[in-house]
Every structure is written in structure tokens, then in C-alpha cells.
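Asks: when you get a sec, could you give me coordinates for this:
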Amino acid sequence: MGGAVTAALRLTRLLADPARAAELDEGGWTAVLTAALAERLAGTLAARLAGVAVPETVSGWLDNAARQAVVERRSALWEAEMARRALAPLGVPVVLLKGTAYVAADLAAGRGRSIGDLDILVRPADLPRVEAALLAAGWEWVKADAYDDAYYRRWMHELPPLIHRTRDRMIDVHHTILPPTARPTPDAALLVADSIALPDGLHVLGPADRIVHAAAHLFADGDLAGGLRNLWDIHCLIGEAGCDGLIARADRHQLGPAVARAGRLAHQLYGTAVPEAWRRRRFGDRWFRRRLLAVDGWGRDRRRVTRLAFYVRSHWLRMPPAMLARHLWVKMRR
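Replies: Numbers count the residues shown, from 1 in each chain. Got it, this is the predicted structure:
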């Protein structure tokens, strides 16, 4: 069975070029399918391999993954509709983010995509009314802890997470796309102002802003957990929107470096069509690749030191050193 890098690389190569399915033996299929499960790319892989000749056992596995993706799509769209009904009386723009936005707008990134929580973006001034309306409609706080509640409200780019008391589905309400303490400061007002209305009245980000947000989420905020799925989103978004004007738009949000790195790594791992000037590798890219590919042929996380380093990095990006030390100390004491 393939090693840590081999399993993940085989997965990325198969997503990029489904014809590579003919190269896989039984062990190769086991490694790829297990890595796809671990990276929440099973439905995406099923969509990419639709119509491709595969072994019968693999075909059954892919059929199950495709059916699960349909269920998740339906659930995500229904949850978006429930939020729309709760917030419609406010008359404020509500912008869908991430996976739900991709399926609602019928984008390539949404095909087979695994979708978890509902993420929305609203203007900061609308936050109190949005919060009150969601609570009145049956959502309640996930985190009852006073420290976590205060931490979210003071330092994060979103409210503390909410979960619906009967549907057991979570919603994350953002007022910008990076924590206020982060070094880049995206223009949240511009994101909302330039969003695109869907027929039901909900909004999605504009084409370039979708890429900027995906890159920010992956490279300027998180610890790269689930990074191969998020990088596939970027591959698909660039494929549909192109790169013209993208860096200029990213610079408006102080996220030019994150978007450039997203383009480089998407090109390296998925063959994304990006300008020649973007393709030259930069310092640090190898470590991001190492983290992105840190899953073995059994679907297990590997490279603990690398993963820990990126976990610490994700907090370092969000907070000044003194705040980070205090936050980690509080968390460790618990």
C-alpha cells in the first residue's frame, strides 16, 4: 500500500486526470479511496469518475459516495432555505459561503462536494438583528462557556457557533472572513456590496471574491486540515472565473500572497491553469505541500510535528504573541 505522500498524490492526480484510473491496482485503489474519505473528497471523486471504467467493487463504493453527496447537497440547500426564511423579514443581504454557496450557485466546486455547517456572511451592523432572528427561529449556542463566548465576540470574525435545536444543524455567522486580529484586513463591506443575488434572495460572493475567500480560509487562517478539498475548490473556482484581475482584487483585501500561493499549489497538485508567472515555486511551498499531503494509505493523519506546527501557525496568524500565549495557556489548562 502506498505511503503517506503516495496515497494523497495519487488522489490529487486522479482528480486532475480521471484517465489515471487505468493505472491503479487493487492496493492503489484502496489507498486512493481511503485518502478520499479522510480528506472529505469521496463525493468529488465519484463525480469526477462518473462514466470512467473502474473495478466493480470501486464502482459500488463510488455509487455510495455519490448518493451521500446528493443527501448532503439537499440538506445544505434546505438549511440555507431555513436561514433565508428566518432572516428574510430583516431585509438585509445574507451571503452564503463555502460549500453551500457552491451548490446554491451550481458551481463546479459544488459537484459531489462534502458540506458540513452552513456559513453565512452579513454586515457587522446587521449582526445583532441576525443573531436575534436566528435565536428566535430555533438556533441555540453550541458553546455555553463564558470564555469561549467572549473570545468569539471580541476576537473572531464570526459569532459563536449556533446549532438548531430540532434539525441538529450548525450555522456559522460571519461578519468578515478573517479575525480582526489577523494581519490582513479584508474589506468585508466590499465583499457584501459586490455579492451576487440568487433567485431566492440569498447572495453568493462574486467570482474573484470566492477565490480570495477560499485562499484566505486555507492559507491565511486555518491549519490546512481538509486542505486538499479546499484546494480543489480553488482549482474549480479558478477554472470557471479565470485569473484576470484576481491578484488586484486579492490585494484590495490584503490577501495577494495567500491567493498567489493558492494558485501555485493548485497548479502543482491539480494542474490548475494559472499564469506562467505564478508557477515558480516560492520559499515555504514545500512545507505547505507536506501538510496538504499528510495522509497515508489507511486514511490516517501523519507527520504530527508538521500538523502541530501548522496548528500553532494558524493561531499565530490570528493573534498577537501575548494574546496567543494566554489563549493557548487557557486551552491547555482545560
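
Asks: which residues touch stretch 241-258?
Replies: For stretch 241-258, contacts defined as CB atoms under 8 Å, 6 or more residues apart in numbering pick out 177, 183-187, 190-191, 207-212, 215-216, 218-220, 238, 259-260, 263, 274-275, 278. Backbone N, C-alpha and C define where each C-beta goes, glycine included.

Asks: among these, name the ones in helices.
Replies: Counting by DSSP state H, the part of the contacts of stretch 241-258 found in helices is 190-191, 207-212, 215-216, 218-219, 238, 259-260, 263.

Asks: out of the residues you listed, which is nearest to Leu41?
Replies: For the ones in helices among the contacts of stretch 241-258, the minimum distance to Leu41 (CB to CB) is 14.4 Å, reached by Leu218.

Asks: can you give me the separation between the nearest residue to the closest one once chain neighbours are set aside and Leu87?
Replies: In space, not counting the residues next to it along the chain, Leu218 is nearest to Asn230; the distance is 4.6 Å by CB to CB, 6 or more residues apart in numbering. In this view, Asn230 and Leu87 are 26 Å apart by CB to CB, to the nearest Å.

Asks: likewise for Thr185?
Replies: Counting by CB to CB - Thr185 and Leu87 are separated by 26 Å.

Asks: okay, those two: which has more neighbours?
Replies: More crowded of Thr185 and Leu87, by other CB atoms under 10 Å: Leu87, with 23 against 13.

Asks: so what's the more buried one up against?
Replies: With CB under 8 Å, 6+ apart, Leu87 has these contacts: Val94, Val130, Ala133, Leu134.

Asks: got the confidence number for Ile196?
Replies: Looking at Ile196, its pLDDT stands at 98.

Asks: pretty sure it is touching Asp209, no?
Replies: No - counting by CB atoms under 8 Å, Asp209 is not a contact partner of Ile196; they are 9.5 Å apart.

Asks: on that earlier part again, in ChimeraX, select just the buried ones from the contacts of stretch 241-258.
Replies: Filtering the contacts of stretch 241-258 down to the buried ones (16 or more other CB atoms under 10 Å) takes a single ChimeraX command:
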select :177,184,186,191,207,208,209,210,211,212,215,216,218,219,220,238,259,260,263,274,278
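
Asks: so after the helix or strand where Leu33 lies, what's the next helix or strand?
Replies: According to DSSP states H and E, Leu33 maps onto helix 26-38. Downstream of helix 26-38, the first helix or strand assigned by DSSP H and E is helix 42-48.

Asks: could you give the angle of the helix or strand just after that following helix to helix 26-38?
Replies: Per DSSP H and E, the first helix or strand lying C-terminal to helix 42-48 is helix 56-87. Orientation check (axes from the mean of the first three to the mean of the last three CA atoms, to 10 degrees): helix 56-87 against helix 26-38 gives 10 degrees.

Asks: may I see the buried residues of helix 56-87?
Replies: The neighbour-count check on helix 56-87 (16+ other CB under 10 Å) flags 58, 61-62, 65-66, 69, 72-73, 75-77, 79-80, 82-84, 86-87 as buried.
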